[in-house]
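Undergrad: Build me a model from this:
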Amino acid sequence: MSGEQNSAVGEQVSPAPIKAAKGANGKSPKSVAKPESRLAMVRRARRINRELAEVYPYAHPELDFRNPFQLLVATVLSAQTTDLRVNQTTPALFAKYPTPEDMAAAVPDELEEVIRPTGFFRAKAKSLIGLSTALRDNFGGEVPGRLEDLVTLPGVGRKTAFVVLGNAFGVPGITVDTHFMRLARRWKWTTQDDPVKIEAEIAAIFPKSEWTMLSHRVIFHGRRICHARRPACGACPIAHLCPSYGEGETDPEKAKKLLKYEMGGYPGQRLNPPPDYPGKPAPPLGAS
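TA: The predicted structure is shown next:
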């Protein structure tokens, strides 16, 4: 991905420094010796959110979009693939189908070919044509700003709806994707496996005003440090608050090599990141 990167947009902001993975007493984090009370868990969870806000003051949705329709389409395409691959695909997609009316009238085979790089392109094309038709016929060609309306659209569930509501309409919502689910369980905020139940339990811990940014921070952390298979525990700035410390690499130097995106000095997922993003823009589709 290096070598053909555009310069980052706007003034550069250095990522917050990674703190040593030590507890408040200077020792390595340890497993909780006795059951944690509900109050203690809530306090720890809110402290994690505050400290993540310091680490990722630039946290943002990692899909490129210019309007609610583009965000809705990009979020549907992001299922079972990376935001990077979606961002590399949508420029050509929106050039060909800029409005719901255009996409509703798309020839399925042609639409499938454009979105093929995102995988599951036949099912996704069916959802995009279906939701675009519904927007055209039922909502005057505009993306609705209510949860109950969004979830009536083909291919749109609560997760997708909350992404759109939180980032296109400013309506608070918790986005329970695979990263959020993994970290919420590692941090013992929940023991649930069902996304709707997880959403409800997390919503009871944090004030509504924090829901959207909490989602961004947790997802950022899951993608950059607290990975699914090999978390970079030794380079984690909130290790002192994590009851699962030790599931991943605890050696600081080895852990640093596991850091991704701007934390590891690499491009992010957006081709057009916000001005205050400290990393490098991602390369377009086909770039080396």
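Undergrad: centroid residue for the chain?
TA: The chain has residue 219 as the residue nearest its centroid, 4.5 Å off, counting by C-alpha atoms, centre = their mean.
Undergrad: Now do the contacts for it.
TA: For residue 219, the contact set (C-beta atoms under 8 Å, 6 or more residues apart in numbering) comprises 62, 175, 177, 179-180. From N, CA and C alone the C-beta is placed, and that goes for glycine too.
Undergrad: Which residue comes closest to residue 193 once chain neighbours are left out?
TA: Counting by C-beta to C-beta, 6 or more residues apart in numbering, residue 193 lies nearest to residue 181, which is 7.8 Å off, once chain neighbours are set aside.
Undergrad: I'd assumed that neighbour was in a helix, is it?
TA: Yes - remark: residue 181 belongs to a helix, assigned using DSSP: H, G, I helix; E, B strand; the rest coil.
Undergrad: That one contacts residue 198, doesn't it?
TA: Yes - in terms of C-beta atoms under 8 Å, residue 181 counts as a neighbour of residue 198; the distance is 6.0 Å.
Undergrad: check which helix or strand covers the residue nearest to the centre of the chain.
TA: For residue 219, the element it lies in under DSSP states H and E is helix 211-224.
Undergrad: Could you pull up the mean pLDDT of that helix?
TA: Averaged across helix 211-224, the pLDDT comes to 98.
Undergrad: how about the strands of this structure, start to end?
TA: With DSSP state E as the criterion, the chain has no strands.
Undergrad: all helices of it, in order?
TA: Secondary structure of the chain (DSSP state H): helices at 38-55, 68-77, 83-96, 100-104, 108-115, 121-138, 147-150, 158-168, 178-186, 195-203, 211-224, 252-256.
Undergrad: mind checking which of these is nearest residue 286?
TA: helix 83-96 (8.1 Å; C-beta to C-beta).
Undergrad: For that closest one, buried residues please.
TA: Residues of helix 83-96 classed as buried by neighbour count (16 or more other C-beta atoms under 10 Å): 83-90, 93-94.
Undergrad: Contacts made by it with the rest, please.
TA: By C-beta under 8 Å, 6+ apart, helix 83-96 touches 62-65, 70, 73-74, 77-78, 102, 110, 114-115, 117-119, 269-271, 282-285.
Undergrad: and if we set it to 7 Å?
TA: Outside helix 83-96, the residues within contact range by C-beta atoms under 7 Å, 6 or more residues apart in numbering are 62-64, 70, 74, 77-78, 114-115, 117-118, 269-271, 282, 284-285.
Undergrad: Turn the helices of the chain into TSV, columns for distance to residue 234.
TA: Listed next are those as TSV, based on distance: least, C-beta to C-beta, whole Å:
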stretch	distance to residue 234
helix 38-55	15
helix 68-77	33
helix 83-96	26
helix 100-104	46
helix 108-115	39
helix 121-138	38
helix 147-150	40
helix 158-168	31
helix 178-186	16
helix 195-203	27
helix 211-224	14
helix 252-256	3
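Undergrad: Out of those, which is closest to residue 230?
TA: Closest among these, using C-beta to C-beta: helix 252-256, at 9.2 Å.
Undergrad: As CSV, could you dump the C-alpha coordinates of that closest one?
TA: Coordinates of each C-alpha in helix 252-256 appear next as CSV, following Å, rounded to 0.1, in the frame of the first residue of the first chain:
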residue,chain,number,x,y,z
PRO,A,252,5.9,-4.5,24.5
GLU,A,253,8.2,-4.7,21.5
LYS,A,254,6.5,-7.7,19.9
ALA,A,255,3.1,-6.1,20.6
LYS,A,256,4.1,-2.9,18.8
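Undergrad: Quickly note the distance from the residue nearest to the centre of the chain to residue 63.
TA: Distance, residue 219 to residue 63, by C-beta to C-beta, to the nearest Å: 11 Å.
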